[in-house]
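In: The amino acid sequence is not available; the structure is as follows:
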């Protein structure tokens, strides 16, 4: 079962298990992870599930699509090279991910 470790802006961490095929955002919401607002419910319409993918997880996530790339310009916290929308990152069997949530989503 894949897992995701979320590091909050204050440095606190929580690790949750998820299901292959689910998004990082779905996994966060289902487990009550703070820092993921997910206003649009994963419809790629709000940028309130913005995360920073850790260097060790970069190769484990699929490439960003054009719509996600555009949507990140509307995130509450400025995007970085490792910015992604967690609704667009799918969990895979045997792959554990590590992401950091920004200071705010709205």
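Out: Cool, the structure landed. The model shown is predicted, which means the values in this text are computed figures rather than measured ones.

In: rest of the way, CA atoms for contacts and neighbours
Out: OK.

In: show me the contacts for residue 86.
Out: Contact partners of residue 86, counting by Cα atoms under 8 Å, 6 or more residues apart in numbering, are 23-25, 49-51.

In: same thing with residue 62?
Out: Contacts for residue 62 (Cα under 8 Å, 6+ apart) come out as 89-90.

In: Wait, a strand at it?
Out: No: judged by DSSP: H, G, I helix; E, B strand; the rest coil, residue 62 forms no part of a strand; its state is coil.

In: coming back round to it: tell me the one of the contacts of residue 86 nearest residue 73?
Out: Taking Cα to Cα as the measure, residue 73 lies nearest residue 50 of the contacts of residue 86, at 10.6 Å.

In: The nearest residue to the closest one once chain neighbours are set aside - how many residues pack around it?
Out: Nearest residue to residue 50, sequence neighbours excluded (Cα to Cα, 6 or more residues apart in numbering): residue 85, at 4.5 Å. Counted by other Cα atoms under 10 Å, the residues lying close to residue 85 total 26.

In: Ok, residue 49 next?
Out: By the measure other Cα under 10 Å, the count of residues near residue 49 is 31.

In: for it, phi and psi?
Out: The phi/psi pair for residue 49 (degrees, to the nearest 10) reads phi -130, psi 30.

In: so what's it scoring on pLDDT?
Out: Turning to residue 49, the model gives it a pLDDT of 98.

In: next one: residue 70
Out: For residue 70, the pLDDT comes out at 97.

In: That one: what's it in contact with?
Out: Under the criterion of Cα under 8 Å, 6+ apart, residue 70 has no neighbours.

In: after the helix or strand it falls within comes which helix or strand?
Out: Assigned by DSSP states H and E, residue 70 belongs to helix 66-71. Next helix or strand after helix 66-71 toward the C-terminus (DSSP H and E): strand 83-85.

In: Against which helices or strands is the next helix or strand after that following strand packed?
Out: Later in the chain than strand 83-85, the nearest helix or strand by DSSP H and E is strand 97-100. Judged by 3 or more Cα pairs under 8 Å, 6 or more residues apart in numbering; DSSP states H and E, the packing partners of strand 97-100 are strand 3-7, strand 50-53.
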